[in-house]
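Participant: Can you look at this prediction? I've put the sequence above it.
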Amino acid sequence: MALARIDVLQGLPPGARRGVIDAVHAALVDALEVPADDPTVRLVEHRPENVRMPSDRSDRYTVVEVTMFAGRSTHAKRRLYKAVVRNLHACGVPSDDVLVVLHEPGMENWGVHGGSPASDVDAGFKVDI
């Protein structure tokens with residue numbers, strides 16, 4: 001299971017928003033080897049006056065926070081970082097304007113399938129990749 005939150009500055013056209021969401025979704029599916037219907041991806045736009053960011057970043061600065069089951073290898077995480085940057089670059093986001101942060105709570109910290117800990121449920125995919 002994976003959840004992604006994408007934070008961008010306000011002003012992306014509707015088509016560009018969907019492209020960014022789909023780019024991050026594809027990276028999650030590819031790098032984490034999860035089913036295509038698993039990841040939830042949300043895009044949040046911020047008014048520029050409500051964001052302080054590094055001065056050397058453009059107005060396409062994009063922060064991607066991924067919350068996922070703990071247990072992925074460093075190799076899988078590296079694949080994820082590269083896939084997110086590559087896919088967002090294809091959407092016009094400069095590579096240096098992408099920041100990816102991972103959060104990895106243990107499976108016992110996820111309530112799924114009507115309130116069961118994920119550690120008690122068959123996830124349907126491998127986590128230890």
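Facilitator: That came through fine.

Participant: any chance you could map the helices in the chain?
Facilitator: Counting by DSSP state H, the chain has helices at residues 14-32, 74-89.

Participant: buried sites along stretch 84-92?
Facilitator: By neighbour count on 16 or more other CB atoms under 10 Å, the buried set for stretch 84-92 is 84-85, 87-88, 91. Just so you know, the C-beta spots here come from the backbone N, C-alpha and C atoms, and that holds for glycine as well.

Participant: just to revisit the earlier point, could I get the helices of the chain as CSV with mean pLDDT?
Facilitator: Below are the helices of the chain laid out as CSV (pLDDT from 0 to 100):
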stretch, mean pLDDT
helix 14-32, 96
helix 74-89, 98
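
Participant: Using CSV, lay out those helices together with distance to S119.
Facilitator: As requested, the helices of the chain are exported to CSV (distance: least, CB to CB, whole Å):
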stretch, distance to S119
helix 14-32, 18
helix 74-89, 19
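
Participant: Of all these, which one is nearest R60?
Facilitator: For those, proximity to R60 was assessed by CB to CB; helix 74-89 is nearest, at 8.7 Å.

Participant: got a list of contacts for that closest one?
Facilitator: If you take CB atoms under 8 Å, 6 or more residues apart in numbering as the criterion, helix 74-89 is touched by 20, 23-24, 26-28, 30-33, 62, 64, 66, 72, 95, 98, 100, 102, 129.

Participant: Quick one, which of the helices of the chain gets closest to D120.
Facilitator: helix 14-32 (20.9 Å).

Participant: Specify the angle between that closest one and helix 74-89 in degrees.
Facilitator: Relative orientation of helix 14-32 and helix 74-89, computed by axes from the mean of the first three to the mean of the last three CA atoms, to 10 degrees: 160 degrees.

Participant: got the contact list for helix 14-32?
Facilitator: Taking CB under 8 Å, 6+ apart as the rule, helix 14-32 contacts 2, 4, 6, 8, 12, 34-36, 38-39, 41-43, 45, 62, 64, 66, 68, 72, 76, 79-80, 82-84, 86-88, 90-93, 129.

Participant: Fine by me, we can end here.
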